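Trainee: Predicted coordinates and the sequence they were generated for:
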Amino acid sequence: MLLNMRVNGINYALDVNPRLRLLDVLREKLSLTGAKEGCGEGECGGCTIILDGLAVNSCLVLAHQAEGKEIITIEGLEKDGELDRLQQSFIDKGAVQCGYCTPGMLMSCKALLMKNPNPSNEEIKEAIEGNLCRCTGYIKIIDAVRAVADSKEGGN
Amino acid sequence: MEKWAFYSPQSLRELIEHLAEIHNPCFVAGGTDLMIKIRNYKIKPTTIVNLNRIHEMVYIRKEDEAIAIGAMTTFTQIAESPIVNRYARCLGQSAGNVGSKQIRNIATIGGNIANAAPCADSITSLMALGARVKTINIWGEIHEKPIDDVIIGREENNLDEKEVIIEIRIPTLEGGYSAFSKIGSRTAVTISKLNMAIVLSYNKADAAIECPKVAFGALGPKPFISDAVANSIKGKKFTYPVIDVIKPVLLKEVEASIAGRASFPYKREAIMGLAENTLNLLMDGIKEGGY
Ligand SMILES: Cc1cc2nc3c(=O)[nH]c(=O)nc-3n(C[C@H](O)[C@H](O)[C@H](O)COP(=O)(O)OP(=O)(O)OC[C@H]3O[C@@H](n4cnc5c(N)ncnc54)[C@H](O)[C@@H]3O)c2cc1C
């Protein structure tokens, strides 16, 4: 069955089995392996992507539910070989350790900044409440988002 | 693997026109309950009917004496709605406390009701608010029933196989206030272990509680209204320690609902703190002049 969607600025028309989840299509058909399958039940946030401007768990969305929608994955943040400022900030602040949660974490934070370029620390915490990280203790992640929001270019 | 058929109608009319021919439809809204049931083989669908392209099912409207919420409205939209937070604050609090950001961004109020989990956060508030559920069937007939009639037990609703929830209607009450709170099992992605909603009207002039409604969730197979707890606070003033009046009645309610269950010793204690939180939230609302 045909699925039309836009991923990282590129329009795709794919033949997709209705049983597949959005996560499966991104990883296996489009080779966008940044989104990770952790729990497969919406608890860990490893598969977080941005769907029409909102952070969602791609393991809970059927691929065909994304028909006509606009998706951004971690692979879409970098522009012309340059990391997004949020990605750079994660590196600078030591917000990446084992890295497994990082793509999902970044997408949750990116979705927040797209909507709210100057979030409070409370709002940052709320944005990542559905993303588990067992290494960093979250503080450095919050620092990384804070640094981008407070920079002179702003959070956007 | 068995093949699935997948159907995405783009309007209610299109849905109704096709529903008659679809054998055993499995509706998907946000998918946050359904995908997990499919994953655990609790549901084995053959035809998926996706509701997320029916944009006319997404709205929050203030009408004369009610607010109307489309069944496909997400918890993010409900939690952020000024209308909900003005006229049905407890529902806004329920919505804002569901799961995580990612869950709230896709989980719908219609799905929460249809799934009918004992711990479904919106249902407790909707019960206390006296909400009604509007559905449509394959003949295009619209029915409206109290939410208490739609949910009949643990993960059991009384919708026909091809009946779809289209709207939730909440009566608005002049001088009304409400609050919801829950105790979850984790710090963030919290499925309720216990939740509670209070709705009442409170006339500042004589400052006595009128028309109280109290509902509990995750205290038995389905959320329910407790007349006993409501009656215990009726006519009381907030200057009076309302929590002390409520406590013995709460204990009786927990005994009546789950005595003998493994969770009884825990919930018997936990409900006291929950009630205190909910009352405090309600009083904050009164101070702020919200509903
Ligand atoms: C990690 C996680 C955390 C969660 N936390 C909470 C929480 O804190 N509180 C809480 O209450 N819930 C929670 N949930 C459960 C779930 O998110 C909610 O119950 C949600 O509201 C379900 O809505 P949905 O749109 O995703 O429904 P779906 O999964 O799409 O559907 C659920 C069921 O309802 C049926 N259905 C859906 N819409 C309609 C309709 N309009 N008419 C008729 N039938 C319909 C479907 O066929 C299906 O059987 C959580 C889930 C996850 C995965």
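Mentor: Great, that's in hand. Every value quoted in this text rests on a predicted model; they were computed, and no experiment measured them. Numbers count the residues shown, from 1 in each chain, chains lettered A, B, ... in the order given.

Trainee: and A:Gly94, which of the three is it?
Mentor: coil (DSSP: H, G, I helix; E, B strand; the rest coil).

Trainee: quick one: A:Gly94 and A:Gly137 touch, right?
Mentor: No: in this structure, A:Gly94 is not within contact of A:Gly137 by C-beta atoms under 8 Å, at 10.8 Å. (Each C-beta comes from the backbone N, C-alpha and C, glycine too.)

Trainee: Now do the residue minimising distance to the centre of chain A against A:Ile141, distance only.
Mentor: Against the mean C-alpha coordinate of chain A, by C-alpha atoms, centre = their mean, the closest residue is A:Met107 at 2.3 Å. The gap separating A:Met107 from A:Ile141 is 13 Å, by C-beta to C-beta, to the nearest Å.

Trainee: Please apply the same query to B:Arg268.
Mentor: On the measure of C-beta to C-beta, B:Arg268 and A:Ile141 end up 39 Å apart.

Trainee: In terms of neighbours, single out the busier of these two.
Mentor: Remark: of B:Arg268 and A:Ile141, A:Ile141 carries more neighbours, 27 against 15, as counted by other C-beta atoms under 10 Å in any protein chain shown.

Trainee: Buried residues, whichever strand or helix holds that one. List them.
Mentor: Assessed by DSSP states H and E, A:Ile141 sits inside helix A:139-150. Under the neighbour-count criterion of 16 or more other C-beta atoms under 10 Å in any protein chain shown, helix A:139-150 has A:140-149 buried.

Trainee: Likewise for stretch B:47-63?
Mentor: Within stretch B:47-63, the residues scored as buried using 16+ other C-beta under 10 Å are B:48-54, B:57-58, B:60.

Trainee: hang on, the earlier thing: mind pulling up the pLDDT for the residue nearest to the centre of chain A?
Mentor: A:Met107 carries a pLDDT value of 98.

Trainee: repeat for the one 10 residues further on
Mentor: The model reports A:Pro117 with a pLDDT of 96.

Trainee: Apart from its neighbours in sequence, what residue is nearest it?
Mentor: Counting by C-beta to C-beta, 6 or more residues apart in numbering or on different chains, A:Pro117 lies nearest to A:Gly155, which is 3.4 Å off, once chain neighbours are set aside.

Trainee: quick one, what contacts B:Tyr7?
Mentor: With contact set as C-beta atoms under 8 Å, 6 or more residues apart in numbering or on different chains, B:Tyr7 has these partners: B:18, B:22, B:25, B:47-50.

Trainee: again, only using 6 Å
Mentor: B:Val49 (C-beta atoms under 6 Å, 6 or more residues apart in numbering or on different chains).

Trainee: And A:Gly94 and A:Gly137? Which one has more around it.
Mentor: Neighbour totals were compared for A:Gly94 and A:Gly137, and A:Gly94 leads with 13 against 10 (other C-beta under 10 Å).

Trainee: who touches A:Leu3 in this structure?
Mentor: Neighbour list for A:Leu3: A:14, A:16, A:63-64 [criterion: C-beta under 6 Å, 6+ apart].

Trainee: roughly how far is the helix or strand in which it is found from the heart of the chain?
Mentor: Per DSSP H and E: A:Leu3 is located in strand A:2-7. Offset of strand A:2-7 from its chain centre (C-alpha atoms, centre = their mean, to the nearest Å): 18 Å.

Trainee: now stretch A:56-73
Mentor: 12 Å.

Trainee: Any buried residues in that stretch, and which?
Mentor: Neighbour-count burial for stretch A:56-73 [16+ other C-beta under 10 Å]: A:56-67, A:69, A:71-73.

Trainee: can you tell me which of these are in helices?
Mentor: Among these, no residue falls in helices (DSSP state H).

Trainee: Assign B:Ile67 to helix, strand or coil.
Mentor: From three-state DSSP, the assignment for B:Ile67 is strand.
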